[in-house]
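Trainee: From the sequence below, what's the structure:
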Amino acid sequence: MKRRKAGAQLKLLTAPWRGPLSALSAVIIFGGIGYRITEGWDWGDSLWMVLITISTIGYGEVAPLTPAGRVVTVLIVVGGLVVVQLAIQRVLGLKESGYFRRLREFRFHRMLERMHDHVILCGYGRIGQEIAAQLQRDAVGLVVIETDPNRREVAEANGLHVLQADATLDETLLDAGLKQCCSLVAALPGDASNLYVVLSARDLRPDCRLIARANSDEAAAKLRLAGATVVVSPYVAGGRVMAASALRPLALNFMELLAGSNYEIEEFQLSHDPLHLMDISGRTLSELELGRRSGAMVLAIRDRGELIANPGGEMRLAPGQLLVVLGSKRQLLTFQELLGEAVETIETMPG
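Mentor: Predicted coordinates:
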């Protein structure tokens, strides 16, 4: 359906040029035929003469023209002027009708179709701008959905791809690449709008990771029921940071230091299928030597709902465990390769 829509748009965009191009082709073909009949030239010389006549290059005649050939030349010149005039009028008309704006939108949508593993950000308010800035620092592909034209201009000035549309509509989410994205962030100012976005996204793509903003506990509960993977309240998060600054300043400074570095924290979800863990199941961290071989550090392991911080070398890996690992991009990639098919999913907390 999407391809048919794109094909229909392409036909509409090319339609205005069919008339001038057809007229130009007719002048060239009939001019070539005229020279062949009146002068007896081959097709190469005939078409060459037509081209230098229409373009007014003035290379000179292929051969002295007969009176009939001069008549053909005059007709070609007149026909060329008509075609040029027709093309100029068409361009002016297209500019007034918004054709070039539609052309830019078509190219933009084609670009969106080619994006993969990107993040869709709904809303470019103060919170959305901070989210976008963080994702840009981590070189993550990003598409912003925003209805406000002023915010759209700000986002585009910051080098972002912006789709000016209503994020609560299914068509908008699909146009933004919901089927190919890695996650969607609903950061609209209203709880109802974020709820609509989460409901639509969960229905269109059940396995998509959805992060939603909530302004109250009641809205947070409803967003979780609607299918949000993570719900964040700016007020609660801000309060926790301020409290942490008062009680645990060193821990907070470490997280800020981590955010400005090349290091990341990733969550490696091990498969629940024992067949995928045949090489590592039941073996300890010391036996696998994951830290020494990759350079990454296992910070914690969640096993059957229990969080084990700073696991020792005697800790054994089992199906369904979640490994929280700190390292650079290269170290984390090596860590993933060592685990192989045992890894089911990977979630990143940008550093």
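Trainee: Now the residue nearest to the spatial centre of the chain. Nearest residue, chain neighbours left out?
Mentor: With distances taken as Cα atoms, centre = their mean, the residue of the chain nearest its centroid is Met115 (4.0 Å). The shortest distance from Met115 to any non-neighbouring residue, by Cβ to Cβ, 6 or more residues apart in numbering, is to Gly177 (5.1 Å). Heads up, the C-betas are built off the backbone N, CA and C, glycines and all.
Trainee: how about that neighbour, secondary structure?
Mentor: At Gly177 the chain is in coil, as set by DSSP: H, G, I helix; E, B strand; the rest coil.
Trainee: Just to be sure, the residue nearest to the centre of the chain is in a strand?
Mentor: No: read with three-state DSSP, Met115 is coil and lies in no strand.
Trainee: these two touch, right, it and Lys179?
Mentor: No: counting by Cβ atoms under 8 Å, Met115 does not reach Lys179; the two are 10.6 Å apart.
Trainee: Residues that sit against both of these two, list them.
Mentor: Overlap of the contact sets of Met115 and Lys179 (by Cβ atoms under 8 Å, 6 or more residues apart in numbering) is empty.
Trainee: quick one, helices of the stretch 51-200 of the chain?
Mentor: Along the stretch 51-200 of the chain, counting by DSSP state H, counting those that start in this stretch, helices occupy 67-96, 99-113, 126-137, 149-157, 170-175, 191-204.
Trainee: Those helices: which one's closest to Val119?
Mentor: Smallest distance to Val119 across these (Cβ to Cβ): 5.8 Å, for helix 126-137.
Trainee: I would like the residues contacting the closest one, please.
Mentor: Contact partners of helix 126-137, identified using Cβ under 8 Å, 6+ apart, comprise 119, 121-122, 124, 142, 144, 146, 154-155, 158-160, 185, 187, 213, 234, 259, 350.
Trainee: switch the cut-off to 10 Å
Mentor: 118-119, 121-125, 140-142, 144-146, 151, 154-155, 158-160, 185-189, 211, 213, 232, 234, 237, 259-260, 350 (Cβ atoms under 10 Å, 6 or more residues apart in numbering).
Trainee: Show the pLDDT at Pro67.
Mentor: According to the prediction, Pro67 has pLDDT 83.
Trainee: Next: Gly98.
Mentor: 61.
Trainee: and what of Leu103?
Mentor: Reading off the confidence values, Leu103 has pLDDT 60.
Trainee: ok, now how distant is the residue nearest to Gly312 when sequence neighbours are not counted from Asp117?
Mentor: Once flanking residues are discounted, Gly312 sits nearest to Leu285: 7.5 Å by Cβ to Cβ, 6+ apart. Taking Cβ to Cβ, to the nearest Å as the measure, Leu285 falls 30 Å from Asp117.
Trainee: same deal with Asn215?
Mentor: According to Cβ to Cβ, Asn215 and Asp117 sit 30 Å apart.
Trainee: ditto for Met49
Mentor: When distance is defined by Cβ to Cβ, Met49 is 55 Å away from Asp117.
Trainee: go on, Leu277?
Mentor: 25 Å.
Trainee: Then Gly313?
Mentor: 34 Å.
Trainee: Domain boundaries for the protein, per the record?
Mentor: The chain is divided into the following domains under automatic domain parsing: 13-97, 115-238, 262-349.
Trainee: Those domains: which one's closest to Arg107?
Mentor: That would be domain 13-97 among those, by Cβ to Cβ, at 9.8 Å.
Trainee: More neighbours: Asn215 and Asp117, which one.
Mentor: Neighbours per residue (other Cβ atoms under 10 Å) separate Asn215 from Asp117, with Asn215 holding more: 14 against 11.
Trainee: Look at that one and tell me its secondary structure.
Mentor: Classification of Asn215 using three-state DSSP returns coil.
Trainee: So for it, what's the pLDDT?
Mentor: Turning to Asn215, the model gives it a pLDDT of 89.
Trainee: check contacts around the closest residue to it other than its chain neighbours.
Mentor: Spatial nearest neighbour of Asn215, excluding adjacent residues (Cβ to Cβ, 6+ apart): Asp191 at 5.5 Å. With contact set as Cβ under 10 Å, 6+ apart, Asp191 has these partners: Ala212, Arg213, Ala214, Asn215, Ser216, Glu218, Ala219, Ala220, Lys222, Leu223.
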